[in-house]
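K.L.:
give me a model of this one.
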Amino acid sequence: MFLSAIFTAFLLTACGGPGGDDPDAEQGVAARITTTANTGSTPGLPEYFPESIPLPDEYIVLRNDSRQSETHGTEIGLNVALPGSIDEWLQTYGEALEQNFEDVELTEDPSSRSWRFSFHGQGFEVGNLYLNRNRGYLDRGDIDSSHLPVILTLSLTEKR
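P.N.:
Below you'll find the predicted structure:
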């Protein structure tokens, strides 16, 4: 109940994005461009990354498999290393997703200490956002994300 009270308080104060039924969302997600900067020397965010999914000032994109295809439209696939704690990001993403998307569900895997939000909306038919501890297994080459303890895995598929 406490977490849902926090979500409600955030919902009342946060900026909202277009809803799933918004006709502008049907024009595609390419119109929404993030203003958050990447401080790492890795591939950045796709230009169609939804602004309604918050990122801090410091983060490292470890994997960006985002693309646009004829079959599925816009697909976003990212792994991003984040500062802070999983608990902080659970609250942040829970609030943001509740505000901006539909049918948000949170599931937890206590044995692996990982969490998954499933949702849809804003032109996306399927959305999954995972939070895990950063164990460094996604670091490649000269990329070192060890100072960022949380891994965000995001998967979004556009509604066709």
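
K.L.:
any idea whether the residue nearest to R63 when sequence neighbours are not counted is helix, strand or coil?
P.N.:
Using Cβ to Cβ, 6 or more residues apart in numbering and skipping residues adjacent in sequence, the residue nearest R63 is N79, 4.1 Å away. Heads up, the C-betas are built off the backbone N, CA and C, glycines and all. Per DSSP: H, G, I helix; E, B strand; the rest coil, the secondary structure class of N79 is strand.

K.L.:
where does N79 land on pLDDT?
P.N.:
pLDDT, N79: 96.

K.L.:
ditto for D22
P.N.:
With respect to pLDDT, D22 has a value of 37.

K.L.:
same thing with the one 10 residues further on?
P.N.:
The predicted structure scores R32 at 29 on the pLDDT scale.

K.L.:
and if you look at E158?
P.N.:
What the model reports as pLDDT for E158 is 90.

K.L.:
now the helices for this protein?
P.N.:
For the chain, helices defined by DSSP state H occupy the ranges 2-13, 86-100.

K.L.:
which strands or helices does the longest one pack on?
P.N.:
Which is helix 86-100. helix 2-13, strand 102-109, strand 114-121, strand 124-133, strand 150-158 (3 or more Cβ pairs under 8 Å, 6 or more residues apart in numbering; DSSP states H and E).

K.L.:
what about the closest residue to T157 other than its chain neighbours, neighbour count?
P.N.:
Nearest non-adjacent residue to T157, counting by Cβ to Cβ, 6+ apart: V126, 4.6 Å away. Using other Cβ atoms under 10 Å, V126 has 14 other residues around it.

K.L.:
same question for E58.
P.N.:
Residues within reach of E58, counting by other Cβ under 10 Å, total 16.

K.L.:
also G77?
P.N.:
15.

K.L.:
got the end-to-end distance for stretch 104-118?
P.N.:
End-to-end span of stretch 104-118 (Cα to Cα, to the nearest Å): 6 Å.

K.L.:
again, but for stretch 116-126
P.N.:
Stretch 116-126 end-to-end distance (Cα to Cα) = 13 Å.

K.L.:
buried residues of that stretch, list them for me.
P.N.:
Within stretch 116-126, the residues that qualify as buried are F117, S118, F119, H120, G121, Q122, G123, F124, counting by 16 or more other Cβ atoms under 10 Å.
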